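> Okay, sequence plus prediction incoming.
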Amino acid sequence: CARLSDRFAPEHLELLVERPRMLADRIQQAGAIFIGPWSPEAVGDYLAGPNHTLPTCGSARYSGALSVETFMRHTSMIEFSREALEATGGAVVELADSEGLHSHANSVKVRLD
């Protein structure tokens, strides 16, 4: 059931099964999951608190509900040591060259020369 649900990635998913919590824990792709017979969709939309702006048309495969985090900026920070770049740089050069991104490849090569 979880795999089938994940394929559809529904906006709203009501679990009216014998052990809904166990099934809910296995579902990865749904906008909102309503667990058990006393949790109708309307409760989630109007009372329980989750955002009513949910991913539609299967977009729950790659997106979640609208939240404060939607408007937050995330920055990745990467810090390699010389040893780490020496150990992995060859693979980076190979990948960059295979994509035609020769300046990316050169940015590694010049550091290792």
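Happy to help now that I have it. Numbering: from 1, shown residues only.
> Can you give the contact residues for the helix-or-strand element of the chain with minimal mean pLDDT?
One helix or strand of the chain scores below all others by mean pLDDT, DSSP states H and E: helix 41-46, with a mean of 83. Contacts to helix 41-46, defined as Cβ atoms under 8 Å, 6 or more residues apart in numbering, come from residues 12, 14, 32, 34, 50, 52. C-beta: built from backbone N, CA, C; applies to glycine.
> do you know how far the last one is from Ala42?
Counting by Cβ to Cβ, to the nearest Å, the gap between His52 and Ala42 amounts to 11 Å.
> what's the farthest-apart pair in the contacts of helix 41-46?
Farthest apart among those by Cβ to Cβ are Glu14 and His52. That separation is 15.7 Å.
> the more surrounded of the two?
Glu14 (17 against 11; other Cβ atoms under 10 Å).
> how about the more buried one, what does it touch?
34, 39-41.
> Going through the residues you listed, which ones are buried?
34, 39 (16 or more other Cβ atoms under 10 Å).
> And the top helix by length along the chain, what's buried?
The longest helix of the chain (DSSP state H) is helix 82-98. The neighbour-count check on helix 82-98 (16+ other Cβ under 10 Å) flags 89, 92-93, 96 as buried.
> Next one: the residue nearest to Ala60 when sequence neighbours are not counted from Leu16, what distance?
Take Ala60 and drop its neighbours on the chain: the residue closest to it by Cβ to Cβ, 6 or more residues apart in numbering is Ala9, 3.8 Å away. Taking Cβ to Cβ as the measure, Ala9 falls 19 Å from Leu16.
> So which of these two has more stuff around it?
Ala9 (21 against 11).
> who touches that one in this structure?
Applying Cβ under 8 Å, 6+ apart, the residues near Ala9 are 29-31, 55, 58-61.
> just to revisit the earlier point, can I get the buried residues of helix 82-98 in a markdown table with pLDDT and distance to Ser76?
A markdown table is the format used below for the buried residues of helix 82-98 (pLDDT from 0 to 100; distance: Cβ to Cβ, whole Å):
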| residue | pLDDT | distance to Ser76 |
| --- | --- | --- |
| Gly89 | 96 | 19 |
| Val92 | 96 | 16 |
| Val93 | 96 | 21 |
| Ala96 | 96 | 18 |
